[in-house]
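J.: what would the 3D arrangement of this be:
(one chain, ligands or ions: 1)
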Amino acid sequence: MSIKKKYKGVIFDLDGTLLNTLGVYTHIINMLMKKNNFPTHTIENYREFIGNGTKNLITRSIPEKYREEKLIDKLLNEFRLLYENMYTQHTEVYIGVLDILDELQSSEIKLALLSNKFHDLTCKCANHFFPNIKFDAIIGQSDLYKKPDPKGALDISHSLKIPLDQLVLVGDTEVDIRTAKNAGIDSIAVTWGFRKEEDLITLSPDCIIKNSNDLKKYFSNHTEIIRFTDENCV
Ligand SMILES: O=C(O)COP(=O)(O)O
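T.: Purely as a prediction, here's the structure:
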């Protein structure tokens with residue numbers, strides 16, 4: 001029997017991969033837009049704006065001529081306070097995702113979260129939406145970490161003691177695929193999140209997956225412990 005190379009750890013992106021947060025982002029940022037007499041945006045607009053961290057999302061939501069650092073920082077602080085109180089609302093765990101996390105956890109595959117959501121809010125979401133999943137590492141955005149900088153993925157590899165070639169990053173945007181490539185690890189692009197399949201293809205991820213059943217199958221074929229057969233023994 002051939003030996004399959006396989007993953008001992010999976011790094012998941014959060015928004016658009018495990019959690020559909022478009023509803024809560026739309027709700028809060030439109031509140032801020034209204035408060036400032038700026039035009040609001042549709043959920044489809046926010047789908048495009050999201051992915052590069054909240055500061056970028058807010059900047060893109062403000063009309064161009066009002067995009068000043070002082071105002072952006074003010075709205076960012078207001079966003080943080082509102083999100084802290086509302087992160088459980090207008091948000092769903094994508095179908096099938098909990099099952100996959102459970103199965104990986106029972107197979108002793110290490111699990112990590114790497115998000116461009118602020119670190120404290122990433123931890124709150126992980127605790128609330130995945131109370132039975134023990135992530136071995138959680139890294140949200142901070143002064144130290146911001147995807148597509150590979151530092152988060154590299155530090156996860158180091159702290160979990162998993163070599164880069166036995167780690168895979170699962171994400172839904174170009175930022176995630178670039179992060180994996182920058183770190184030198186495999187990438188899986190999922191198409192149920194915030195970007196279209198045709199946009200993800202252009203980034204050449206190692207694999208494109210369209211639904212959680214296929215992701216589950218993929219993992220069951222790619223996360224076995226490597227076993228040596230007789231012909232490999234000297
Ligand atoms: O907040 C964002 O920009 C996106 O967060 P994510 O990295 O979990 O997708």
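J.: what distance do you get for E197 to the ligand?
T.: Using C-beta to the nearest ligand atom, to the nearest Å, one obtains 17 Å as the distance from E197 to the ligand. Bear in mind the C-beta positions are built from the backbone N, C-alpha and C, glycine included.
J.: show me what contacts that residue?
T.: By C-beta atoms under 8 Å, 6 or more residues apart in numbering, E197 lies in contact with 191, 208, 210.
J.: hmm, which of these are the buried ones?
T.: 191, 208 (16 or more other C-beta atoms under 10 Å).
J.: closest one of the contacts of E197 to I62?
T.: I62 lies nearest to T191 out of these, by C-beta to C-beta, at 29.4 Å.
J.: can I assume that closest one is in contact with K210?
T.: Yes - assessed by C-beta atoms under 8 Å, T191 is found in contact with K210 at 4.9 Å.
J.: show only the entries of the contacts of E197 found in helices.
T.: For the contacts of E197, not one is inside helices, with DSSP state H as the criterion.
J.: turn the contacts of E197 into a markdown table, including pLDDT and distance to the ligand.
T.: What follows is the contacts of E197, written out as a markdown table (pLDDT from 0 to 100; distance: C-beta to the nearest ligand atom, whole Å):
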| residue | pLDDT | distance to the ligand |
| --- | --- | --- |
| T191 | 98 | 14 |
| I208 | 97 | 17 |
| K210 | 97 | 18 |
